[in-house]
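Participant: sequence and computational prediction follow.
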Amino acid sequence: MPIPGQLAVILDEYDAYLLDKGRSPGEDDRYFPGERSDRFSHSALIERAQKHWTAADLEAVGLHDARHTYASLMIAAGVNAKALCTYMGHSSIQVTFDRYGHLFPGNEAEAAALLDAYLTNDLKPDQLPLPSVPDGVPSEGAEA
């Protein structure tokens with residue numbers, strides 16, 4: 001999963017904090033350990049997050065909401081659907097489109113407007129591009 005540069009800076013600062021505490025940051029270190037262990041603790045994460053939300057006088061955002069926010073921001077930033085599918089761990093691109101398709105640029109009205117703009121570009125019918133014919137399929141007017 002790509003890590004934005006701003007988040008990378010924060011994680012680097014956390015790694016420096018670990019070094020100051022005599023710990024060596026590595027692949028097995030957790031960014032959200034429990035209070036009594038190095039293992040990830042969902043409840044510890046929620047408690048600490050809630051404390052910070054309250055201190056900042058903000059409404060809490062849960063992990064699931066944060067996941068949707070991440071996907072929405074990625075789409076707004078222009079990330080393509082296939083890449084987002086991979087980042088989100090979806091089983092198929094269909095899952096991504098079913099869940100987030102309404103957020104991607106373009107819609108039926110835009111598609112119709114694009115076609116209108118193309119067709120009203122003073123093109124005569126004989127100037128319109130024809131769809132390509134697959135190899136081995138005779139084109140119209142060709143002898144069989």
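Facilitator: Thanks, I have the structure now.
Participant: so, low pLDDT: which residues of the chain?
Facilitator: Low-confidence segments of the chain, defined by pLDDT under 70, span residues 1, 25-40, 122-144.
Participant: mind doing that once more with 50?
Facilitator: For the chain, the stretches flagged by pLDDT under 50 are 144.
Participant: how about the helices in it?
Facilitator: For the chain, the helices defined by DSSP state H occupy 5-20, 42-55, 63-76, 81-88, 93-100, 108-119.
Participant: now these as CSV including mean neighbour count?
Facilitator: To be clear about C-beta, it is placed using only N, CA and C from the backbone, and glycine gets the same treatment. Supplementary listing: those in CSV, determined by neighbours: other Cβ atoms under 10 Å:
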stretch, mean neighbour count
helix 5-20, 11
helix 42-55, 12
helix 63-76, 13
helix 81-88, 15
helix 93-100, 15
helix 108-119, 10
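Participant: how close does Asn107 sit to Gly22?
Facilitator: 55 Å (Cβ to Cβ, to the nearest Å).
Participant: look at these two and report which has more neighbours.
Facilitator: For Asn107 and Gly22, the more surrounded residue by other Cβ atoms under 10 Å is Asn107, and the numbers stand at 11 against 6.
Participant: so what's Val61 up against?
Facilitator: 53, 69 (Cβ atoms under 8 Å, 6 or more residues apart in numbering).
Participant: for it, give me phi and psi.
Facilitator: For Val61, the backbone dihedrals are phi -120, psi 120 (criterion: degrees, to the nearest 10).
Participant: check the gap between it and Met88 for me.
Facilitator: When Cβ to Cβ is applied, the distance between Val61 and Met88 equals 17 Å.
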